[in-house]
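Asker: Pasted the sequence and its predicted model underneath.
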Amino acid sequence: MPWKVVERRIGRAGSLKQRTARQREWDQRYGEGLWTVGYVVEGEFITQENALETIYYRSYEVHFATHPADLTELIQTAKRLRNPHAEATTGVDLQVPAILDYLKRNNLTLGGVEVVDIGTWHGQASHPLSVRLSPLHIKAVGNPKMTLEQFWQERKCLAVWEDNET
């Protein structure tokens, strides 16, 4: 009984209101708990929850391994991280939790004094790091031709649980 992709390129999650309406529609169409959002990676469907670890978190992990100066600057500059786009739009914030998780897993703490945005809002950034650590610039792990944002938005798909007993 595997997941079967029924819609590809489903687009951005949107605001809380948009996400809720879309999820209600999928519940009505496919049944509550019988659908999920995810990605096809190397020909296999993985849930978005698993992709957060294997794609999103890992992309930041690889970035920090290959750009240690960004990590050092982040730790020395920031006391707190925020996602201005998510705050302004009630969108989903993935980059700040991914970076904070990376720091926690590596026993690192922010030691600066500034609030550092991860990403931009209307072209404004609190710091040059805001742009460099934005998912619009981080390369997607396993696909260096795409940014993390491109991968996350363009490869997102909807799958339903396929019950082979019917």
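Answerer: Thanks, I have the structure now. Predicted model, so just to flag it, every value in this text is computed and none were measured. Numbers count the residues shown, from 1 in each chain.
Asker: now the closest residue to residue 92 other than its chain neighbours, what's its secondary structure?
Answerer: What sits nearest to residue 92 in space, not counting adjacent residues and going by C-beta to C-beta, 6 or more residues apart in numbering, is residue 13, at 4.9 Å. Heads up, the C-betas are built off the backbone N, CA and C, glycines and all. Residue 13 falls in the coil class when you classify it by DSSP: H, G, I helix; E, B strand; the rest coil.
Asker: Just give me the neighbour total for residue 13.
Answerer: Using other C-beta atoms under 10 Å, residue 13 has 18 neighbouring residues.
Asker: Got the confidence number for it?
Answerer: We have a pLDDT of 71 for residue 13.
Asker: Look up how far residue 19 lies from it.
Answerer: For residue 13, the distance to residue 19 equals 5 Å [C-beta to C-beta, to the nearest Å].
Asker: for this structure, what spans make up the helices?
Answerer: Ranges of helices in the chain, per DSSP state H, are 16-30, 48-51, 58-66, 68-77, 84-89, 95-105, 128-132, 148-154.
Asker: Residue 140 is nearest to which of the ones you listed?
Answerer: When the helices of the chain are compared by C-beta to C-beta, helix 148-154 sits nearest residue 140, at 3.8 Å.
Asker: mind listing what residue 159 touches?
Answerer: 3, 4, 5, 6, 35, 36, 37, 38, 45 (C-beta atoms under 8 Å, 6 or more residues apart in numbering).
Asker: first vs last residue of stretch 96-115, how far apart are they?
Answerer: End-to-end distance of stretch 96-115 (C-alpha to C-alpha, to the nearest Å): 12 Å.
Asker: Please enumerate residues in contact with it?
Answerer: For stretch 96-115, contacts defined as C-beta under 8 Å, 6+ apart pick out 52, 56-57, 59-61, 64, 71, 74-83, 86, 118, 126-127, 133.
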